[in-house]
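Chemist: quick one, fold the following:
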Amino acid sequence: MSKKHSEAAQAFRAAVPVTLPVLAAYTFLGFSYGIYMSSLGFAPWVPFVLALVIYGGSLEFLMGGFLLSSFAPLSVFLVSLMVQGRHLFYGIAMLDRFKGTGWKKPYLIYALTDETFAVTYTARVPENINPTWHQFWVSLLNQSYWAFAALIGGLVGGNLPWDLTGIDFVMTAMFLCIFLDQAFKETKHYTAVIGFVASIGALLIFGADSFMIPAMVGIVMLLTILRKPLEKAGGFAQ
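Modeler: Below is the predicted model of the structure:
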């Protein structure tokens, strides 16, 4: 086995365990997304294809309504930008990590969802594992989980005998677990407190439907302003 194949295989084995929480969440949400699209009258392959070419959970749910409504590209663009605009901040945070990733870089940028960002940014990659391959496999595995769950949901359709109301809470629970895991890794919790305070402040000011982007702007601004004091105090997780 060549060195590159060996590095890729080792990174794959290291990536699988850290994506298991995402597998659990995407199984339920992707499945419910497939069922939702089926209930709107779309063929089973439609949610699967959308999962491949759009790959944005919230936007994909909205896409069902967009496809059934009148042609309004500007409106769709603006709504899409508002819904997915938070990824701009994820991209800024990953600039250094994407350096030197070669041919994998376009896909890593494309596949940077909330969950993939959370996993790749917080994961502690062993020294013997190639970090670029690790990011690649995490991204590809997560998209595969979502796409195939959506396909299965589309195939099953609306014939399930139980109510799936509230299933989207699994995503909230997953992010809470990731947040707590990252907070416990920090010896000092300055960044966690900043993120929590900025999010609560934005929620109170802008409301539950519009707080995400203002919260992330506030977090970025606060961390930028307080970067030097936090670094001196050892407030960034290593």
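
Chemist: in the chain, which helix is the longest?
Modeler: Assignment by DSSP state H gives helix 131-156 as the longest helix of the chain.

Chemist: what's the following helix or strand after the lowest-mean-pLDDT helix or strand in the chain?
Modeler: The weakest-scoring helix or strand in the chain, judged by mean pLDDT, DSSP states H and E, is helix 169-185 (a mean of 65). Using DSSP states H and E, the helix or strand that follows helix 169-185 in sequence is helix 190-206.

Chemist: run through who's touching the helix or strand following that next one.
Modeler: Proceeding N to C from helix 190-206, the next assigned helix or strand is helix 212-225, under DSSP H and E. Helix 212-225 is touched from outside by 82, 85-86, 89, 92, 191, 194-195, 198-199, 201-203, 205-206, 230, with contacts defined as CB atoms under 8 Å, 6 or more residues apart in numbering. Backbone N, C-alpha and C define where each C-beta goes, glycine included.

Chemist: tilt between helix 212-225 and helix 190-206?
Modeler: 140 degrees (axes from the mean of the first three to the mean of the last three CA atoms, to 10 degrees).

Chemist: quick one: buried residues of helix 212-225?
Modeler: 212-216, 218-219, 222-223 (16 or more other CB atoms under 10 Å).

Chemist: what's the answer for stretch 80-92, then?
Modeler: Those would be 80, 83-84, 86-87, 89-90, for stretch 80-92 by 16+ other CB under 10 Å.

Chemist: likewise for stretch 116-125?
Modeler: 116-121, 123, 125.

Chemist: outline the domain layout of the protein.
Modeler: For the chain, automatic domain parsing gives the domain ranges 3-164, 186-238.

Chemist: show me how far the first one is from its chain's centre.
Modeler: For domain 3-164, the distance from its own C-alpha centre to the chain's C-alpha centre is 7 Å (CA atoms, centre = their mean, to the nearest Å).

Chemist: most tightly surrounded among the domains of the chain?
Modeler: domain 3-164 (a mean of 17; mean count of other CB atoms under 10 Å).

Chemist: Phe48 touches Gly154, doesn't it?
Modeler: Yes: in this structure, Phe48 is within contact of Gly154 by CB atoms under 8 Å, at 6.5 Å.

Chemist: joint contacts of those two?
Modeler: Residues touching both Phe48 and Gly154 (CB under 8 Å, 6+ apart) are Gly34.

Chemist: quick one, phi psi at Ala101?
Modeler: Rather than Ala, residue 101 is Thr. phi -90, psi 0 (degrees, to the nearest 10).

Chemist: make residue 1 into 69 and carry on from there
Modeler: That works, and once the first residue is 69, the last one we named lands at Thr169.

Chemist: just checking, it touches Gln203?
Modeler: Yes: look at Thr169 against Gln203 with CB under 8 Å: they come within range, at 7.2 Å.

Chemist: what touches both of the two?
Modeler: What both Thr169 and Gln203 touch, as defined by CB under 8 Å, 6+ apart, is the set Leu176.
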